[in-house]
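Trainee: Compute the structure for the input listed below.
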Amino acid sequence: MFDQLSLNWIRHIILIIRGNIFQRGTPEEMDFMIEADRESIKKLLAENNFTKNNVTSYYYKGEDLNMRRPAYNEDEWEWYQIHVRVWIREKKAYFSVHYELDPIIYPQEHINGLNYSLEPAASIVSSLLEDEYKINDVDNFQ
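Mentor: A predicted model of the protein is given here:
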């Protein structure tokens, strides 16, 4: 029905709509910071089964990376995701991470923030980074 060029255009249009309609301002607080560039972070997260997450999530103004990794939890919901957003400012990478219901399996519950939490996402992501980077607290972001 669609050739590859048509599918690429449809995807491109969806991403433009997402970036302009489903947009939020930059968060005021971040969870932690490391000194690293975008490509190094993307590579490390991808090597640990994180993928791009720019289709099923809001765009936060100025974000440089938006990645997710599926997660399983033995509870009534079972399927979650570890969601990572990164903002790069002068060679410093600021992270906002959280653990939440999978948006594809539970779209309405996900939007409503059911079972949304910082942990275990912050611990998992920081443990992936700490072998190569010093994890810093964030005093001031903006």
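
Trainee: C-alpha only now, for contacts and for neighbours.
Mentor: Fine.

Trainee: now the strands for the chain?
Mentor: For the chain, the strands defined by DSSP state E cover 23-24, 32-35, 51-52, 59-60, 65-72, 79-89, 92-101.

Trainee: helices or strands up against the fourth one?
Mentor: Think strand 59-60. With contacts taken as 3 or more CA pairs under 8 Å, 6 or more residues apart in numbering; DSSP states H and E, strand 59-60 sits against strand 23-24.

Trainee: could you give the mean pLDDT of the strand it packs on?
Mentor: Mean pLDDT, strand 23-24: 64.

Trainee: Please apply the same query to stretch 91-101.
Mentor: For stretch 91-101, mean pLDDT rounds to 95.

Trainee: any idea where the helices of the protein begin and end?
Mentor: Here the chain has its helices, by DSSP state H, at 4-21, 38-47, 107-111, 121-129.

Trainee: How much space separates Tyr60 from Asp75?
Mentor: Noted for Tyr60: a distance of 30 Å to Asp75, by CA to CA, to the nearest Å.

Trainee: Give me the more crowded residue out of the two.
Mentor: Between Tyr60 and Asp75, Tyr60 has the larger neighbour count (other CA atoms under 10 Å), namely 18 against 7.

Trainee: Tell me how far that one lies from Gln108.
Mentor: As judged by CA to CA, Tyr60 and Gln108 stand 20 Å apart.
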